[in-house]
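1. Sequence and predicted structure below; questions after.
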There are 2 protein chains.
Amino acid sequence: MNRFLSHAANRIDAKGRVSVPSVFRSVLSDGGVRELYCFQDFVFPAISVGGPELLDRFERQMAAEDPFSPEANEMSLLVHGGGVFVKLDPEGRLMVTDFIRDFTGILTDVMFVGRGDYFQLWEPQAFVKAQAVAREGRKSRGLRPD
Amino acid sequence: MNRFLSHAANRIDAKGRVSVPSVFRSVLSDGGVRELYCFQDFVFPAISVGGPELLDRFERQMAAEDPFSPEANEMSLLVHGGGVFVKLDPEGRLMVTDFIRDFTGILTDVMFVGRGDYFQLWEPQAFVKAQAVAREGRKSRGLRPD
DNA sequence: CCCAATCCCATTGACGCCCATATGGTCCCA
DNA sequence: TGGGACCATATGGGCGTCAATGGGATTGGG
C-alpha cells in the first residue's frame, strides 16, 4: 500500500516527542522520503505532512501568478511562513513543537490521519468532531459515496 | 534545504539585539550571504530581509514595467529609499533599530517568518492575525491546496 | 570625552542521537 | 488448538552538543 490510510492516536512523551505510526513510516520510506514538509492546513486546525513535492506544488502555483501581487504575498505567508521541514529521529518520532501545538490545540496526544498522498496531525477530539460534522454534511445533502 | 521556511519568535535583549534563528542563518551561509538587505514589505507591516540579490530582483521587476508608472515610482521609493543594509554579530544577532520598530510595531519579541528566498520580521501578534486573515480569505474563496 | 555599537565569553536550556524497556501481536510447534 | 518463543512497535530516559540569551570589555565615531 502506497497511500496514507486510516487514523491512529499516539501519546506525546515527557520530551515532547511522538511516534509516527509504523504504517505511515513505511509509506514514506517506500517513497524514498527522508525529509517531511509540514504546513498548517488551510481549512482544518490540523498540520498536513508529506514529502517535499507538496511544497513544490504550492510554489509552482504561486509562480503561475504575479509574484508581486498581494494575493501571491498572502499565499507565501501561508505556504512559506506556515510550513516547515522536519525530520524524524532514529526511532521514527517527531518533535511536537509550538508551531504544531498552537495551530492544532494538541496537548498530550496526537491523532495521525491518513489523507491519501499525505497525512495530518490532529488534536484527537477535534478530529472526531470534524469527522462527525463532515458526515452530517454529506447526509443532509443526500450525497452518496462516490 | 535552501529556502526560508516556518516561523519562530525570539526575544530582544536589553541591548536591543535579537538572535536570527539558526535554520535561517544556515540558509544564509549556504548562499554565501554576509550582508543583509532590509526593506519594508509592500503589503504587510513587516520588514523583509535577504541577500543583496533581493535588491536585484526588485530592480529587474521595475525595469520590466514602465519606469515612469506610479507603481514603479512607488516601488523605487520603498526599495531604494526605504532599504538599509545590516550585518549580524558573531553570534548571529541583529540590532532591532527604530527603522524596524516603527514600521512593524515590534516591542519586546520578534517573529521571524520564512518567505522562500527571503525572510521577514514581524510583531508576533500581527503575524498570527495576518495569517489567520489570509487563511480565511482562501477558505471563503473556496480555494484548495492543489 | 561620552555614548553606543561591536566583540568576546559564560550560562542554561533545548534538541539530537543513543540505548533500554514494555506491550501486544504473530508464528511455530507440540 | 493452546502455549510459548520471538519480533516489531511504541515509549522512556541518559547524555553530549549546540543554539539562544545575558553581561562585561573594548573600540570607534560624534
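-> Nice, I can see it.
2. Only C-alpha atoms from now on, for both contacts and neighbour counts.
-> OK.
3. List the buried residues of stretch A:19-27.
-> Within stretch A:19-27, the residues that count as buried by 16 or more other C-alpha atoms under 10 Å in any protein chain shown are A:19-21, A:24-27.
4. which residues are contacting that stretch?
-> With C-alpha atoms under 8 Å, 6 or more residues apart in numbering or on different chains as the test, stretch A:19-27 has contacts from A:1-4, A:8, A:10-12, A:91-94, A:112.
5. Also within reach of DNA strand D: list those from the buried residues of stretch A:19-27.
-> For DNA strand D, the contacts drawn from those by C-alpha under 7 Å from any atom of the strand are A:19-21.
6. and A:A46, what is it in contact with?
-> Going by C-alpha under 8 Å, 6+ apart, A:A46 touches A:40, A:103-104, A:120-123.
7. Chain A: helices as residue ranges?
-> A:22-30, A:53-63, A:70-79, A:98-104, A:124-140 (DSSP state H).
8. which outside residues touch stretch A:121-133?
-> A:9, A:45-49, A:104-107, A:109-113.
9. do it and DNA strand D meet at all?
-> No: on the criterion C-alpha under 7 Å from any atom of the strand, stretch A:121-133 is out of touch with DNA strand D, staying 13.3 Å away.
10. Would you mind finding the most buried of the helices of chain A?
-> Burial of the helices of chain A is given as mean neighbour count (mean count of other C-alpha atoms under 10 Å in any protein chain shown); helix A:70-79 ranks first at a mean of 21.
11. and that helix, does that touch chain B?
-> Yes: judged by C-alpha under 8 Å from any C-alpha of the partner chain, helix A:70-79 comes into contact with chain B through A:70, A:73-78.
12. Could you measure from A:M95 over to A:K139?
-> Using C-alpha to C-alpha, to the nearest Å, we find A:M95 at a distance of 38 Å from A:K139.
13. what does A:S48 give?
-> In terms of C-alpha to C-alpha, A:S48 sits 26 Å off from A:K139.
14. Identify the residue nearest the residue nearest in space to the middle of chain A in space, chain neighbours excluded?
-> Among the residues of chain A, A:S48 comes closest to the average C-alpha position under C-alpha atoms, centre = their mean, at 1.3 Å. Closest residue to A:S48 apart from its sequence neighbours, by C-alpha to C-alpha, 6 or more residues apart in numbering or on different chains: A:Q120 at 4.3 Å.
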